[in-house]
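# predicted coordinates and the sequence they were generated for:
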Amino acid sequence: MAEENELRYDPATIEPKWQQRWAADPTMYAAEPVTCGKPKYYVLEMLPYPSGQLHMGHVRNYSIGDALARHMWMRGYNVLHPMGWDAFGLPAENAALKNNTPPREWTLSNITAMKRQMERLGLGYDWATEVTTCLPEYYRWNQWFFLRMYEKGLVYRKKSKVNWCPECATVLANEQVVDGCCWRHETTLVEQRDLVQWFFRITAYAQELLDGLDKLDGWPEKVRTMQRNWIGRSEGTEVDFFLAEQGAGDKEQRSDRTRIRVFTTRVDTIFGATSVQLAPQHALVAAFTAADAKLKTQVDELIEQQKKAREAGDLGAIEKHGVATGHFAVNPYNGQRVPIWVANYILADYGTGAIMSVPAHDERDFEFATKYGLEIRRVIQPVEQGEGSESLPFLSEDGVLVNSGEYDGLSCEEAQKRLQQVAASGGFGEAKVIFRLKDWGVSRQRYWGTPIPMIHCEKDGLVQVPDEQLPVLLPPQIEITQQGGSPLGRVPEFVNTTCPKCGGPARRETDTMDTFVDSSWYFYRYTDAKNSSAPYDPAKAQYWFPIDQYIGGVEHAILHLIYSRFWTKVMRDLGLIMNDEPARRLFTQGMVIKDGSKMSKSKGNVISPDDMIASYGADATRMYALFAAPPDRDLDWQEDGVAGVSRFLGRVWRLATKYAPLARTGRGQSIKAPKGLSLKLLRKLHQTIAKITQDFEGRWHFNTCVAAIMELVNDMQAADAQLAAGDVPAPVMLELLRSLVLLLAPFAPYLAAELWEELGEEGSVLHAAWPKSDPELAKEDELEIPVQINGKLVTVICVAADASSKEIEALALGEEKVQLRATGKTVVKVIVVPGKLVNLVVR
């Protein structure tokens, strides 16, 4: 019993011991100077919001990054592996309301708790580079960037229709509205309000953001597709219809008094336009309704329909309604008058807020025209008549123009070019590219965020806060309510200030910045986290960027990942960096699922790593997160799986501690011509090294890495009687155990450190060289090859690894089971795939 207790794996003793040792060495996970001469590797997991507690979803994300960082350290790279806190945000204000705790106090307390959890998990972060975005030493640079962007025309202020979350009591960017609801409050419908807001001109980079996706071949195609769709490039033509004179005939000369600019991707169909349709918010509609009370009532109803559809998150599927205005527009190509309608499916913020309706060649227009009895005029005919070619709407661009005057007979492509040229030369249109992407609204009517560094002066208007007055500090104590606009507006000592331009009384801007500003550039600050004179040293950023591996959830594909790409391009144009993109490779891990849904605090299905560590240890907890499923797939949480991994680590512990004394005596001795059991176990070892190394370099199937280590341990334990009898010499045992510990180190760092010391090794296992596979040792002497008859498995044969196809064929044909199955039949063909299979075709 004493020996059994001595060999029992006890993470509760082992892990705190190593945690204390690692904490005492501040250089343990520190990156080396940029002049060290080593190849660099920047691995980064997305920083968390400090909500107070990690759950197993976090653990999975961080375990993936930590395993990679440890592997790269062991491969001899200069590794930067930092961590920080996305620390501004609404939950802190909600906590202040609920618990009467100041947001700063609540946030910093949560950071302390979560940092403790990360350290207990053994995550290898360089805490000297820690970034906390709610601290002035960080957010002053948010303000500095805002001012530089303002100077370059990339920041502006305007009244705009905005998304308003009544529960957050603040504005949301378009990207923060998911299916009509707030991204934080998944059941709260977003409202539309008109407010004066600050915007970043992200659209100035729309084309570059789109083109750059083609170069990001290290990013998942799903993420790139999501961004392409969000940017939404459309090529087409802007054409001016003209408001017709009241009482004129069917055709008339256009009036230059009022132009109605429409955007179309199919100008070749313009002779089929039978109406012009305006968004309910179009400026011309306001002019019409000002003189027509009945029309105003009808248009207000269309606006309400749009609002409800937007709030329901289904604007694209809105039931189409419209109203005729009684006014007409003139087609600039043929002078024909067409009626002007207002329609609820036309959006003011897409294109020009006006379209030409061509029902014969557009599904939505066809549906609308059919409903309201508008003319449907065909102007495109298919090149070749066939089944269905006469049906409408005809949507193909593979056709020729008809009913289009002098353009009849032209192909759609040629007509588009000609008609664009005519519009340009006639001064009533031009070729145009538009984007679905809208400018980033960054104003938030909240307290806990970066103050916008602008001043409102009655004499001088908008005035920048001078750089030497940065940061504009948040008041430390403030009454937080969710009513009456920004809480900062009710703090006179914050609001009232002196204009830096004229010296007169002025008011500070009281909106704060969207918290996605904080996470758009934080990873650059990690490279120079203590810099008090600049956001970072460009030379250090030049060394570390782009990030070699970025890890996070696919839910950030549109928000964080597109904003950070924009910010990188802005910083490049400010001369701070040279790279165009923040990250060379992106990995999006799967979710942790419990009780059928994603693990999250809001769903009440969170599993705390603290509970798992108390029961099974940190190594078992994080190793389970890597073993239970491929990292890019969802993981279905099962606590029994953590217990199973813990039992496996106990087996490793007992095996290693049992044979460590023998292994230590083998130090300094060479392995000479291994054979028998030694050769068998060394072969398995080197196959395992090759597989795990390959997985780290490629597909990242850490679940099969752990499985391969388990197979190696199983083979060693199966030979326990022979090992105990001394059938494996000391230098072979040292090679087996030493390499096993090195292979475990990225996945179970505590146990690896303990066993490294048990083997009498010097220094830290973290900086020991990763083992190399010997191809000769890894090569099998014999292979098992399945034999099939007409594609069905009959038997398995053992052949020499270097056997020729003829030898393999002869062995297969000589097998008794094969001969019995082939009796009375003719072997037509024998297919041999060396090392893989034999298939006999018989009749």
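Ah, there it is. Numbering: from 1, shown residues only.

# what comes up buried for the host helix or strand of residue 22?
Per DSSP states H and E, residue 22 falls inside helix 11-23. Neighbour-count burial for helix 11-23, with 16 or more other CB atoms under 10 Å as criterion, is recorded at 11, 14-15, 18-19, 22. C-betas here are computed from N, CA, C, even on glycine.

# dump those to CSV, plus distance to residue 664 and pLDDT.
Shown next, in CSV, are the buried residues of helix 11-23 (distance: CB to CB, whole Å; pLDDT from 0 to 100):
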residue, distance to residue 664, pLDDT
11, 24, 96
14, 19, 97
15, 24, 97
18, 20, 97
19, 26, 97
22, 24, 96
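
# and the protein, what are its domain boundaries?
When the chain is parsed with automatic domain parsing, its domains come out as 142-201+439-516, 233-435, 638-778, 782-842.

# JSON lines please, covering the ones you listed and showing distance to residue 48, mean neighbour count and mean pLDDT.
Output for those, formatted as JSON lines (distance: least, CB to CB, whole Å; neighbours: other CB atoms under 10 Å; pLDDT from 0 to 100):
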{"stretch": "domain 142-201+439-516", "distance to residue 48": "13", "mean neighbour count": "18", "mean pLDDT": "89"}
{"stretch": "domain 233-435", "distance to residue 48": "27", "mean neighbour count": "18", "mean pLDDT": "90"}
{"stretch": "domain 638-778", "distance to residue 48": "21", "mean neighbour count": "18", "mean pLDDT": "95"}
{"stretch": "domain 782-842", "distance to residue 48": "46", "mean neighbour count": "14", "mean pLDDT": "90"}
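
# closest one to residue 127 among those domains?
When those are compared by CB to CB, domain 638-778 sits nearest residue 127, at 15.6 Å.

# so where do the helices sit in the stretch 551-700 of the chain?
560-573, 609-616, 618-627, 639-664, 676-697 (DSSP state H, counting those that start in this stretch).

# quick one, which of those is nearest to residue 734?
Residue 734 lies closest, by CB to CB, to one member of the helices of the stretch 551-700 of the chain: helix 639-664, at 4.1 Å.

# and the contacts of stretch 640-651?
8-9, 11, 612, 615-617, 619-621, 623-624, 627-628, 706, 710, 713, 717, 748, 751 (CB atoms under 8 Å, 6 or more residues apart in numbering).

# the helices of the stretch 551-700 of the chain: which one's closest to residue 78?
With CB to CB as the criterion, residue 78 lies closest to helix 676-697 of these, at 17.2 Å.

# can you name every helix or strand that the closest one contacts?
Packed against helix 676-697 by the contact rule (3 or more CB pairs under 8 Å, 6 or more residues apart in numbering; DSSP states H and E) you find helix 702-718, helix 730-744, helix 775-778.

# export the ones you listed to TSV and tack on distance to residue 658?
Compiled in TSV, these are given as follows (distance: least, CB to CB, whole Å):
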stretch	distance to residue 658
helix 702-718	10
helix 730-744	10
helix 775-778	24
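
# what's the closest of those helices to residue 309?
helix 702-718 (43.7 Å).

# state the next helix or strand along the chain beyond that closest one.
Past helix 702-718, the next helix or strand by DSSP H and E is helix 720-724.

# helices or strands next to that following helix in the packing?
With contacts taken as 3+ CB pairs under 8 Å, 6+ apart, helix 720-724 sits against no other helix or strand.

# which ones are touching residue 152?
Taking CB under 8 Å, 6+ apart, one finds 573-574 in contact with residue 152.

# for residue 143, see how far away it is.
Distance of residue 152 to residue 143, given as CB to CB, to the nearest Å: 15 Å.

# before we move on, back to that, for the helix holding residue 22, packing partners?
helix 103-120, helix 618-627, helix 749-758.

# tell me what angle it forms with helix 618-627.
Comparing the axes of helix 11-23 and helix 618-627 via axes from the mean of the first three to the mean of the last three CA atoms, to 10 degrees yields an angle of 90 degrees.

# ok and helix 11-23 relative to helix 749-758, angle-wise?
Going by the same axes, to 10 degrees, helix 11-23 makes 80 degrees with helix 749-758.

# reformat the helices of the stretch 551-700 of the chain as a markdown table; add distance to residue 537.
What follows is the helices of the stretch 551-700 of the chain, written out as a markdown table (distance: least, CB to CB, whole Å):
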| stretch | distance to residue 537 |
| --- | --- |
| helix 560-573 | 13 |
| helix 609-616 | 36 |
| helix 618-627 | 34 |
| helix 639-664 | 42 |
| helix 676-697 | 31 |
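
# out of those helices, the one nearest residue 442 is which?
Each of the helices of the stretch 551-700 of the chain has some distance to residue 442 by CB to CB; the shortest is helix 560-573, at 9.7 Å.

# CA atoms only for that closest one, dumped as CSV, please.
Taking C-alpha atoms only, helix 560-573 is exported to CSV below (Å, rounded to 0.1, in the frame of the first residue of the first chain):
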residue,chain,number,x,y,z
HIS,A,560,-13.6,42.6,-34.5
LEU,A,561,-11.8,41.0,-37.4
ILE,A,562,-13.0,43.5,-40.0
TYR,A,563,-12.5,46.5,-37.7
SER,A,564,-8.9,45.4,-36.8
ARG,A,565,-8.1,45.0,-40.5
PHE,A,566,-9.3,48.6,-41.1
TRP,A,567,-7.3,49.9,-38.1
THR,A,568,-4.2,48.1,-39.4
LYS,A,569,-4.5,49.9,-42.8
VAL,A,570,-5.0,53.2,-41.1
MET,A,571,-1.9,52.8,-38.9
ARG,A,572,0.1,51.8,-42.0
ASP,A,573,-1.0,55.0,-43.7
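
# distance from the chain centre to it, please.
Relative to its chain's centre, helix 560-573 lies at 14 Å (CA atoms, centre = their mean, to the nearest Å).

# stretch 188-205 too?
22 Å.

# what does stretch 66-78 give?
Counting by CA atoms, centre = their mean, stretch 66-78 comes out at 23 Å from the chain centroid.

# and the closest residue to residue 612 other than its chain neighbours, what does it touch?
Leaving aside its chain neighbours, residue 612 sits nearest to residue 621 (4.2 Å; criterion: CB to CB, 6 or more residues apart in numbering). With contacts defined as CB under 8 Å, 6+ apart, the neighbours of residue 621 are 56, 59, 121, 609, 612-613, 642.

# need those residues in JSON lines with distance to residue 402, can you?
Formatted as JSON lines, these follow (distance: CB to CB, whole Å):
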{"residue": "56", "distance to residue 402": "64"}
{"residue": "59", "distance to residue 402": "65"}
{"residue": "121", "distance to residue 402": "70"}
{"residue": "609", "distance to residue 402": "69"}
{"residue": "612", "distance to residue 402": "71"}
{"residue": "613", "distance to residue 402": "75"}
{"residue": "642", "distance to residue 402": "70"}
